[in-house]
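Asks: Please work out how this folds:
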Amino acid sequence: MNSIALIVGASGIIGSNLARELLASGWTTYGLSRNPKDDQPGLRPVAADLLDPVSLDSALADVAPTHVFITTWMRQDTEAENIRVNGALVRNILAALAPKHSVQHVALVTGLKHYLGPFDSYARAGSLPPTPLREEQPRLNVENFYYAQEDEVYAAAARDGFTWSIHRPHTIIGQAVGNLMNMGTTLAVYASLCKETGRPFQWPGSEAQWNGLSDVTDARIIAKQLAWAATTEAARNEAFNITNGDYFRWSWLWPRLAAWFGVKAAGFDGTVRPLEEAIAGDAPLWREMASRYQLAEADLSRLASAWHTDLDLGRPIEVMTDMSKSRKLGFTAYQATEDSFFDLFAQLRTDRLIP
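Replies: Got it, this is the predicted structure:
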């Protein structure tokens, strides 16, 4: 039977890479977003407001997916609002599809905040989880919209009889303009600003992150795991960590990223120097650079999500993710992290998003 995918958040970093993965494997693939793009041949766009059930019912009237991939979220000012809005997002999409009785599997993408806590409190000293992070570690006793999203999937699965998988990436490295969590592009933009002004490529984060072990998740790798879990019997009704499969220290990688741009690297000097502060006044400069170098995006805020990069790099703990669970079940894809960054930088330059 033909596999029919509905990707919720198809224009984002994860969703766009997943669309490429599924289309290349012959899936009929729909991409749902508020403002769909038309830059992926074969992807069937669906425009809808995830918080408006009437909009969803209308948009999905002729769509009966066998597999649903939820790869998006909406950032709110408080965790209570994150829970309300992002729980509703999942609940609404699955409720809209329930009458069709077509859904066989639902995949939900969350992340390591499952173990570290939400944005306004995660990884605080005194409540740091043991590393490497493992799927069997219990939920934290804090409000967390990831838990609310999971619970919506579990409830709908019990109601409608589909299987599910939960995917927990670390920081996603990949390309998407306007994304809320975009470390790779943020660092590329920062390095480009440093090169333009002669400033050093200054490490913005903590000593623990600078010296400790870490990992990240290439958007292409999570796309492969999502497709694998959707079609693998042993992966049903399971949660999986997903990272590239290697570990690194930022003290090793940071100078290598700087060298790619031809800028001087400056490491941890005893003080956390938030990137959000470092580029706070650079929006006019970026507009000038966009004009000078004929860049495709002149709005710095649509490329750089410094707030999220600061959260990742400012943690008071090294962050390593255990990949044993999916490895034992047959998922063996691997990506060298250095190449994740370099491939992204080259693509950003080709697409005229950085000079």
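Asks: Mind jotting down where the strands sit in this protein?
Replies: Assigned by DSSP state E, the chain shows strands spanning 4-8, 28-33, 44-47, 67-70, 105-109, 163-169, 172-173, 201-202, 213-214, 217-218, 238-242, 248-249, 265-266.
Asks: The ones you listed into TSV, with extra columns for mean pLDDT?
Replies: What follows is the strands of the chain, written out as TSV (pLDDT from 0 to 100):
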stretch	mean pLDDT
strand 4-8	98
strand 28-33	96
strand 44-47	96
strand 67-70	98
strand 105-109	98
strand 163-169	98
strand 172-173	94
strand 201-202	98
strand 213-214	96
strand 217-218	97
strand 238-242	98
strand 248-249	98
strand 265-266	98
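Asks: could those strands go into JSON lines alongside mean neighbour count and distance to residue 77?
Replies: In short, each C-beta sits where N, CA and C put it, glycine included. Below are the strands of the chain laid out as JSON lines (neighbours: other CB atoms under 10 Å; distance: least, CB to CB, whole Å):
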{"stretch": "strand 4-8", "mean neighbour count": "26", "distance to residue 77": "23"}
{"stretch": "strand 28-33", "mean neighbour count": "24", "distance to residue 77": "22"}
{"stretch": "strand 44-47", "mean neighbour count": "16", "distance to residue 77": "26"}
{"stretch": "strand 67-70", "mean neighbour count": "28", "distance to residue 77": "22"}
{"stretch": "strand 105-109", "mean neighbour count": "25", "distance to residue 77": "22"}
{"stretch": "strand 163-169", "mean neighbour count": "22", "distance to residue 77": "24"}
{"stretch": "strand 172-173", "mean neighbour count": "26", "distance to residue 77": "23"}
{"stretch": "strand 201-202", "mean neighbour count": "21", "distance to residue 77": "29"}
{"stretch": "strand 213-214", "mean neighbour count": "20", "distance to residue 77": "28"}
{"stretch": "strand 217-218", "mean neighbour count": "29", "distance to residue 77": "26"}
{"stretch": "strand 238-242", "mean neighbour count": "22", "distance to residue 77": "28"}
{"stretch": "strand 248-249", "mean neighbour count": "16", "distance to residue 77": "34"}
{"stretch": "strand 265-266", "mean neighbour count": "18", "distance to residue 77": "33"}
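Asks: mind checking which of those is nearest residue 192?
Replies: Nearest of the strands of the chain to residue 192, taken as CB to CB: strand 201-202 at 10.2 Å.
Asks: Contacts made by that closest one with the rest, please.
Replies: 190-191, 194, 254, 257-258, 261, 263-266, 273, 278 (CB atoms under 8 Å, 6 or more residues apart in numbering).
Asks: rerun at 10 Å
Replies: 187, 190-191, 193-195, 254-255, 257-259, 261-269, 271, 273, 275, 278 (CB atoms under 10 Å, 6 or more residues apart in numbering).
Asks: So what would you say the end-to-end distance of stretch 41-57 is?
Replies: This stretch, stretch 41-57, spans 25 Å end to end (CA to CA, to the nearest Å).
Asks: Buried residues of that stretch, list them for me.
Replies: By neighbour count with 16 or more other CB atoms under 10 Å, stretch 41-57 contains the buried residues 43, 44, 45, 46, 48, 50, 53, 55, 56.
Asks: among the contacts of strand 201-202, which ones are buried?
Replies: For the contacts of strand 201-202, buried by 16+ other CB under 10 Å: 187, 190-191, 193-195, 254, 257-258, 261, 263, 265-268, 275, 278.
Asks: thinking again about what came up before, include distance to residue 20 when you put the strands of the chain into a markdown table, please.
Replies: What follows is the strands of the chain, written out as a markdown table (distance: least, CB to CB, whole Å):
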| stretch | distance to residue 20 |
| --- | --- |
| strand 4-8 | 11 |
| strand 28-33 | 9 |
| strand 44-47 | 14 |
| strand 67-70 | 13 |
| strand 105-109 | 16 |
| strand 163-169 | 17 |
| strand 172-173 | 15 |
| strand 201-202 | 31 |
| strand 213-214 | 26 |
| strand 217-218 | 13 |
| strand 238-242 | 17 |
| strand 248-249 | 26 |
| strand 265-266 | 33 |
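Asks: Tell me which of those strands lies nearest to residue 323.
Replies: strand 238-242 (5.9 Å).
Asks: Rebuild the buried residues of stretch 41-57 as JSON lines, extending it with distance to residue 90.
Replies: Putting the buried residues of stretch 41-57 into JSON lines (distance: CB to CB, whole Å) gives the following:
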{"residue": "43", "distance to residue 90": "22"}
{"residue": "44", "distance to residue 90": "22"}
{"residue": "45", "distance to residue 90": "21"}
{"residue": "46", "distance to residue 90": "16"}
{"residue": "48", "distance to residue 90": "14"}
{"residue": "50", "distance to residue 90": "9"}
{"residue": "53", "distance to residue 90": "13"}
{"residue": "55", "distance to residue 90": "16"}
{"residue": "56", "distance to residue 90": "12"}
